[in-house]
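**Student:** please work out how this folds:
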Amino acid sequence: MNALEQFSLKNRVAVVLGGTSGIGLAIARGFAEAGAITIASSRDRAKVESTAVELEALGARTLRATSDVQNRASLQHLCDEVVLAYGQVDVLMVTSGATKKMPFVDLPEEEWNKVIDINLSGTFRANQIFGRQMLKQQRGSIINTCSLTTFVSFAEVAVYAASKAGVHMLTKSLACEWATHGVRVNAIAPGVFRTPLNAKALDIPTRISSIIGRTPMGRVGDVNELVGCAIFLASDASSFVTGQTIPVDGGFLAKGI
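**Tutor:** Predicted coordinates for the structure are as follows:
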């Protein structure tokens, strides 16, 4: 296998949760272009259908299957359907997420529980269900989604930061637990990218100017700039990489005074 072939996802079966918008959609397209059988799933049936049509136009085989990371049964059904259709799951990419920006002292407990359930418990459910299948196969790559707030605080998003720090440690723990079984677990920590999840926050002038001022590259990212890292972690090019959270942040975490 030559160097370029190591990055190929030809005939790999990749599932992208939250794969019908934002970061997830960009990565689903990238997986399809790299040769993977790509299933982009979310709660929105219309978006699942339109994304499947787009992936097929790129030459990928796919399934039309909805799922919700807050619903264990839906994730199990998705995994079962993929295995029934294609015999295996080689890659799981978890991009589903939620946030809540408000002063911590005013944060209702139900909002705390909602964000933790989607971001952290949702990742737990997905990793457990698809990880179980990968352990049977003795092969697989799981890629979770962390955040800059895994490492540093942003104003008034304490619950989001707590959930993403939890994903970071879950990733490391599962990587160690499953390393001898052929299952790798890593994460990507995106810097600031404009997506439906954060668009409102980025429209606050003081917030966006502060972010750009802290980013050595002097701009927010384009979601397509996350695709290369995802393909690397999904492919044989990263066969000795596990337990890592890789920032894709324009240098944000490297910058000091």
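
**Student:** got the contact list for stretch 59-76?
**Tutor:** Residues from elsewhere that reach stretch 59-76, judged by Cβ atoms under 8 Å, 6 or more residues apart in numbering: 17-18, 31-32, 36-45, 48-49, 52, 55-56, 77-78, 81-82, 85-86, 94, 96, 117-118, 121-123, 125-126, 129-130. In this view, the C-beta of every residue, glycine as well, is placed from N, C-alpha and C.

**Student:** buried subset of those residues?
**Tutor:** Taking 16 or more other Cβ atoms under 10 Å as the criterion, what is buried in the contacts of stretch 59-76 is 17-18, 31-32, 36-43, 48, 52, 55, 78, 81-82, 86, 94, 96, 117-118, 121-123, 125-126, 129-130.

**Student:** show me the residues you listed that map onto helices.
**Tutor:** Using DSSP state H, the members of those that fall within helices are 31-32, 48, 52, 55, 78, 81-82, 86, 122-123, 125-126, 129-130.

**Student:** list of residues touching stretch 233-242?
**Tutor:** Identification of contacts with stretch 233-242 by Cβ under 8 Å, 6+ apart yields 1, 6-9, 12, 14, 31, 34, 36, 90-91, 93, 141, 143, 175, 179, 184-186, 188, 231-232, 246.

**Student:** quote the end-to-end distance of stretch 218-234.
**Tutor:** Counting by Cα to Cα, to the nearest Å, you get 29 Å between the two ends of stretch 218-234.

**Student:** for that stretch, buried residues please.
**Tutor:** Quick answer for stretch 218-234 (16+ other Cβ under 10 Å): V220, G221, V223, L226, V227, C229, A230, I231, F232, L233, A234.

**Student:** now it: average pLDDT?
**Tutor:** Mean per-residue pLDDT for stretch 218-234: 96.

**Student:** pull the distance from it to the chain's centre.
**Tutor:** In terms of Cα atoms, centre = their mean, to the nearest Å, the gap separating the centre of stretch 218-234 from the centre of its chain is 11 Å.

**Student:** how about stretch 184-195?
**Tutor:** Mean-position distance between stretch 184-195 and its chain equals 6 Å (Cα atoms, centre = their mean).

**Student:** can I get that stretch in PDB, CA atoms only?
**Tutor:** Written as PDB, here are the backbone C-alpha positions of stretch 184-195 (Å, rounded to 0.1, in the frame of the first residue of the first chain):
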ATOM      1  CA  ARG A 184      -9.400   3.000  17.600                       C
ATOM      2  CA  VAL A 185     -11.100   5.900  19.300                       C
ATOM      3  CA  ASN A 186     -10.100   9.500  18.600                       C
ATOM      4  CA  ALA A 187     -11.700  12.900  18.500                       C
ATOM      5  CA  ILE A 188     -11.500  16.100  16.500                       C
ATOM      6  CA  ALA A 189     -11.600  19.500  18.400                       C
ATOM      7  CA  PRO A 190     -12.800  22.000  15.800                       C
ATOM      8  CA  GLY A 191     -11.800  25.600  16.300                       C
ATOM      9  CA  VAL A 192     -14.400  28.200  15.300                       C
ATOM     10  CA  PHE A 193     -16.300  27.300  12.200                       C
ATOM     11  CA  ARG A 194     -19.600  28.900  11.200                       C
ATOM     12  CA  THR A 195     -22.300  26.300  11.500                       C
END
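
**Student:** show the buried residues in the contacts of stretch 233-242.
**Tutor:** Buried among the contacts of stretch 233-242 (16+ other Cβ under 10 Å): 7-9, 12, 14, 31, 34, 36, 90-91, 93, 141, 143, 175, 184-186, 188, 231-232, 246.

**Student:** of these, which belong to helices?
**Tutor:** F31, A175, I231, F232.

**Student:** what does stretch 125-139 contact?
**Tutor:** For stretch 125-139, contacts defined as Cβ under 8 Å, 6+ apart pick out 15, 17, 69, 72, 75-76, 79, 83, 88-90, 92, 94, 96, 140, 142, 144, 170, 174, 178, 181-183, 185.
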